[in-house]
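Visitor: show me how the following folds:
(chains A, B, C and D)
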2 protein chains.
Amino acid sequence: MKRVTIYEVAREANVSLATVSRVINGAEIVRQETRERVEQAIEKLGYKPNAIAQGLALQKTTTIALVIPEASFTYTGQVINGLLDAARILKYNIMLHTITEGITDVNDIVESIIKSRVDGVVFYNDKLQEDQISTLKQYQMPMVVIGNRISGDNVCSVFVDIEKAVCELCDKYLSEGKSDIAIVQDRKNLFASQQMVDGAKKAFARKNQDFTKFIEIPQTYRTSYAYLKEYFKTNRHQLVIANRDSQALACMNAAMELGISIPDQMEVVCVINTKYNAMVRPQLSSFALPSYDLGAVAMRLITKMLNNEPIEEREIELSYLFTPRQTTK
Amino acid sequence: MKRVTIYEVAREANVSLATVSRVINGAEIVRQETRERVEQAIEKLGYKPNAIAQGLALQKTTTIALVIPEASFTYTGQVINGLLDAARILKYNIMLHTITEGITDVNDIVESIIKSRVDGVVFYNDKLQEDQISTLKQYQMPMVVIGNRISGDNVCSVFVDIEKAVCELCDKYLSEGKSDIAIVQDRKNLFASQQMVDGAKKAFARKNQDFTKFIEIPQTYRTSYAYLKEYFKTNRHQLVIANRDSQALACMNAAMELGISIPDQMEVVCVINTKYNAMVRPQLSSFALPSYDLGAVAMRLITKMLNNEPIEEREIELSYLFTPRQTTK
DNA sequence: CTGAAAGCGCTAACAC
DNA sequence: GTGTTAGCGCTTTCAG
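Guide: Numbering: from 1, shown residues only, chains lettered A, B, ... in the order given. Okay, the predicted model is just below:
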């Protein structure tokens, strides 16, 4: 099938291209009879408007860029689902960019985002540094960041207050007299790690205690598991908090194989909830973070920014829910 | 910063826009001195070529559409990573579309793919039906499908021969006298399910036996787990083969909780390998499918098609490797 | 080696 | 109501 343009349709329907344009865009001022003639021509020729040409003419592409960390999509999968579902409803397209730690030059991504003239960008977490954000700002690119409380000119955010979540959790344990609490580092997400530690510190401070047990682990599951298998030989905790399932699993597996029984001798909580939490044994207690909603809300938010709709809240906080399973008493 | 166009650059550098265009595109025929002047102007103004305008002029967008099933990105995550890494190297952008079973109208996606004038589309598996493919064909859209042996005019594929994998596995067990083998259905991927069954049938036929044990399960992990917990009360098998980790885990958990010991009384193998296979206990034996490569090769393949490069093989088969862990003896 | 001008497909005033 | 026309930003002959 030959590429059919608005001209062919116009000729076929015996109208001008302006009229065709009107019916495509649902303008009301076209006579019923004319409209039908045009619609038939469109149908007959199999015409589909060229979004690129529309983009040029309108100076907007109705596509937004999504930037996420690579690696486990388990982790961001639900966010993506939420965002894409919302995008589909809102008639936006999504350009996906992933950042592979140590491989991708983030500046390349920023460059390609600018060239592609997307209407806005959504990015997950702290993956974009200050200067990259400011580059995007220079090009007046509306942004929403997921997972990080931040806002400003052309920047909004959607997030869950992990600090608060961890603080509450620690608070509960401290009140029960369990103060041997450790937090496992998330090297792939230092920002989240920091929030967790801050939350713990806050809870400890309330009881006039110091939070000190921060377990630094290697990058991968395999190396972390090996590391922890040594670590737990000489260190025991009443509660271990990890950010992701893989880190929590590394703890669980290492501890159990050293004969530490979970949850009796040690409890484990992971912050991010994935479907695997309920599939492993013992089932992993975690916070149910509304990841799908994080994506969906981010998408809605950016379209509001694009349409200059009034935005009540530029930093949208979504709530979590602690979901006890088998790794806690 | 105001939107800067090629005109501004031209004026700044005191040349015509044609010359600027030449230096952007690395044409050799520009005098060194002129080139430098233009490059300085570009730098000074922060000019970034408008990919949309280029797309219009060149009739190509250097972006390709990727269509994948939603749900678990664990499953397709590595494919996406491979594809995106390759895309970045090849200077292509990726437009992501997901299909949510029972929600998304696939025709909408096809429609939006055509409108967006991407240069080609890569899709995972059997998610696009015959008629959608033929629609895309009408618009002369180059396609590569991942996970499914198929080729034709403007269509190539990259896949792993799951039928063969399962056949070999069954063959091995049958040779050891273990013929009580069952396959768990994958309702989200009927095509893969079919391949698995075909593989088993082939192996059984060689021994003059019939393969009959196909376990139909509900849609989700939760319901499957419940179903299997009933099923294994009255049914035992020597080997159970599942497509994905979630299905294999449902089997493992249900069986173990009924007191069936794994791998002693029942062995479990899952076809698709994810990082969770090694994280659960007992560790899940599986086939290491080259999912990252599947994505990367698909991307390379489609660019070859776009550049009219010679294509040695229109149906590229990638190999698998059986990885025994703790759920097999 | 560089510039002028047509054209990519569509939208949006502005006429009629 | 419908048509005419001037862009949107860039590439690419074709002249010079």
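Visitor: go ahead and confirm A:Lys164 touches A:Asp198.
Guide: No: using Cβ atoms under 8 Å, A:Lys164 is not in contact with A:Asp198, being 9.7 Å away. Placement of C-beta: from N, CA and C, glycine included.
Visitor: my reading is that A:Ile64 lies in a strand. Confirm?
Guide: Yes: A:Ile64 forms part of a strand when assessed by DSSP: H, G, I helix; E, B strand; the rest coil.
Visitor: gap between it and A:Glu130?
Guide: The gap separating A:Ile64 from A:Glu130 is 21 Å, by Cβ to Cβ, to the nearest Å.
Visitor: is chain B within reach of stretch A:265-273?
Guide: No: Stretch A:265-273 lies out of reach of chain B by Cβ under 8 Å from any Cβ of the partner chain, never closer than 12.3 Å.
Visitor: which parts of that stretch are buried?
Guide: A:Met266, A:Glu267, A:Val268, A:Val269, A:Cys270, A:Val271, A:Ile272, A:Asn273 (16 or more other Cβ atoms under 10 Å in any protein chain shown).
Visitor: gap between the two ends of that stretch?
Guide: Distance across stretch A:265-273, first residue to last, is 23 Å (Cα to Cα, to the nearest Å).
Visitor: what mean pLDDT does it get?
Guide: For stretch A:265-273, mean pLDDT rounds to 96.
Visitor: cool, and stretch A:246-253?
Guide: Mean predicted lDDT for stretch A:246-253 stands at 96.
Visitor: assign a three-state SS to A:Asn273, would you?
Guide: Assignment for A:Asn273 (three-state DSSP): coil.
Visitor: ok, it - contacts?
Guide: A:Asn273 makes contacts with A:Ser286, A:Phe287, A:Ala288, A:Leu289, A:Ser291, A:Thr323, as judged by Cβ atoms under 8 Å, 6 or more residues apart in numbering or on different chains.
Visitor: just these: which are in helices?
Guide: The members of these that map onto helices under DSSP state H are A:Ser291.
Visitor: show me the contacts of A:Asn273 that map onto strands.
Guide: Among the contacts of A:Asn273, the members falling in strands (DSSP state E) are A:Ser286, A:Phe287, A:Ala288, A:Thr323.
Visitor: which parts of whatever helix or strand A:Asp85 lives in are buried?
Guide: Secondary structure from DSSP states H and E places A:Asp85 in helix A:73-89. Neighbour counts over helix A:73-89 (16+ other Cβ under 10 Å) mark A:73-88 as buried.
Visitor: of A:Ile64 and A:Glu130, which one has the most company?
Guide: Using other Cβ atoms under 10 Å in any protein chain shown as the criterion, A:Ile64 and A:Glu130 rank with A:Ile64 on top: 27 against 8.
Visitor: pLDDT check: weakest of the ones in strands among the contacts of A:Asn273?
Guide: A:Ala288 (91).
Visitor: quick check: the gap between that residue and A:Pro324.
Guide: In terms of Cβ to Cβ, A:Ala288 sits 11 Å off from A:Pro324.
Visitor: likewise for A:Met143?
Guide: For A:Met143, the distance to A:Pro324 - Cβ to Cβ - is 36 Å.
Visitor: now swap in A:Ala182 and tell me
Guide: For A:Ala182, the distance to A:Pro324 (Cβ to Cβ) stands at 19 Å.
Visitor: if you count what's nearby, which of the two comes out ahead?
Guide: Legend: neighbour count by other Cβ under 10 Å for A:Ala182 and A:Pro324, higher for A:Ala182 (21 against 13).
Visitor: any idea what that one is bridged to?
Guide: A:Ala182 forms beta bridges with A:Val240, as assigned by DSSP bridges.
Visitor: hang on, isn't it packed against A:Ile241?
Guide: Yes: A:Ala182 is in contact with A:Ile241 according to Cβ under 8 Å; the separation is 7.2 Å.
Visitor: which strands and helices sit next to the lowest-mean-pLDDT helix or strand in chain A?
Guide: One helix or strand of chain A scores below all others by mean pLDDT, DSSP states H and E: helix A:130-138, with a mean of 87. Secondary-structure packing of helix A:130-138 (3 or more Cβ pairs under 8 Å, 6 or more residues apart in numbering or on different chains; DSSP states H and E): helix A:106-115, strand A:143-146.
Visitor: so which of the ones you listed gets nearest DNA strand D?
Guide: Ranking the helices and strands packed on helix A:130-138 by proximity to DNA strand D (Cβ to the nearest atom of the strand) places helix A:106-115 first, at 8.6 Å.
Visitor: please state the offset of the closest one from the chain centre?
Guide: 19 Å (Cα atoms, centre = their mean, to the nearest Å).
Visitor: tell me the mean pLDDT over it?
Guide: Helix A:106-115 shows a mean pLDDT of 94.
Visitor: for that helix, name the packing helices and strands.
Guide: Contacts defined by 3+ Cβ pairs under 8 Å, 6+ apart place helix A:106-115 against strand A:63-69, strand A:93-99, helix A:130-138.
Visitor: buried residues, the longest one. List them.
Guide: Buried positions in helix A:130-138, judged by neighbour count with 16+ other Cβ under 10 Å: A:Gln132, A:Ile133, A:Thr135, A:Leu136, A:Lys137.
Visitor: which one of these is nearest to B:Pro282?
Guide: Using Cβ to Cβ, A:Gln132 is the member of those that sits closest to B:Pro282, with 44.1 Å.
Visitor: show me where pLDDT drops low in chain A?
Guide: Applying pLDDT under 70 to chain A flags residues A:1-2, A:71-72, A:126-128.
Visitor: where do the strands sit along it?
Guide: Here chain A has its strands, by DSSP E, at A:63-69, A:93-99, A:120-124, A:143-146, A:155-160, A:181-184, A:214-215, A:239-242, A:267-270, A:285-288, A:315-318, A:321-323.
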